[in-house]
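Trainee: model this:
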Amino acid sequence: MKETSEKTPTVELKLPILENMELVATQTADVVSKHMKLSSEKSDEIKMALIEACINAFEHSKSEEQIFIHFIIRENNLTIKVIDKGAGFDSAGVAIPNIESKLNSEESKRGWGVMLIKELMDSVSFESDHTGTTVTMVKNLENDE
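Mentor: I've put the predicted structure just below:
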C-alpha cells in the first residue's frame, strides 16, 4: 500500500487489458473493503461497479495497453479511480437503456454499465478527452459500522 499522506493510504494497480483481469481489481477491492470494515453489501456494490468500469475501459477505450486503478482510502469514504489512456468518450451521450425493449427483443442485453455504476456508488464522475478517461467512483462509509 502506497501512503500518499498520513491519513490517505492509496492502493494503485496497473492491469493489462487481458480477459478476466477485472477480477484482480475485485480481489483488491475486497481486501480494501475488509481493511475499512465495510459491510459485505457495500463491498459487493463496490466490486460490481468496479467490474463494470474495468470492462468498459477494456472494451471501449480502444487502448491496447493497460488501465490504472487507484483506491484512495479516506476516513469517511473510498474513492476509486479507473483510468485508461484510450480514445475517450462523451458520458452525456450514453443513453439509459429501455428495460422493456431490451428484455422483449433480440436487441443486445448489454449497455447497462454506466447506469449500474451510478446506482451502486454514492457518486460517479467522468473526465474524458482524446488522451483517455478517468471514472471516479465514491462509496461513503456513513451508516457502515
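Trainee: going forward, measure contacts between C-alpha atoms and count neighbours the same way
Mentor: Will do.
Trainee: what comes up buried for the helix or strand encompassing Glu59?
Mentor: Using DSSP states H and E, Glu59 sits within helix 40-60. By neighbour count with 16 or more other C-alpha atoms under 10 Å, helix 40-60 contains the buried residues 42-58.
Trainee: tell me the mean pLDDT for that helix?
Mentor: The average pLDDT within helix 40-60 is 94.
Trainee: Outside of that helix itself, list whatever touches it.
Mentor: With contact meaning C-alpha atoms under 8 Å, 6 or more residues apart in numbering, helix 40-60 is reached by 17-18, 22-23, 25-26, 29-30, 33, 67, 82-84, 113-114, 116-117, 120-121, 135, 139.
Trainee: make it 7 Å
Mentor: With contact meaning C-alpha atoms under 7 Å, 6 or more residues apart in numbering, helix 40-60 is reached by 17, 22, 26, 29-30, 33, 82, 84, 113, 116-117, 120-121.
Trainee: Show me the residues you listed that map onto strands.
Mentor: Among the contacts of helix 40-60, the residues falling in strands (DSSP state E) are 82, 84.
Trainee: Can you convert the contacts of helix 40-60 into TSV and add a column each for distance to Val11 and neighbour count?
Mentor: Formatted as TSV, the contacts of helix 40-60 follow (distance: C-alpha to C-alpha, whole Å; neighbours: other C-alpha atoms under 10 Å):
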residue	distance to Val11	neighbour count
Ile17	19	18
Glu22	15	21
Thr26	13	20
Ala29	10	21
Asp30	12	18
Ser33	12	20
Val82	12	22
Asp84	17	27
Gly113	24	20
Leu116	24	15
Ile117	20	22
Leu120	21	20
Met121	19	20
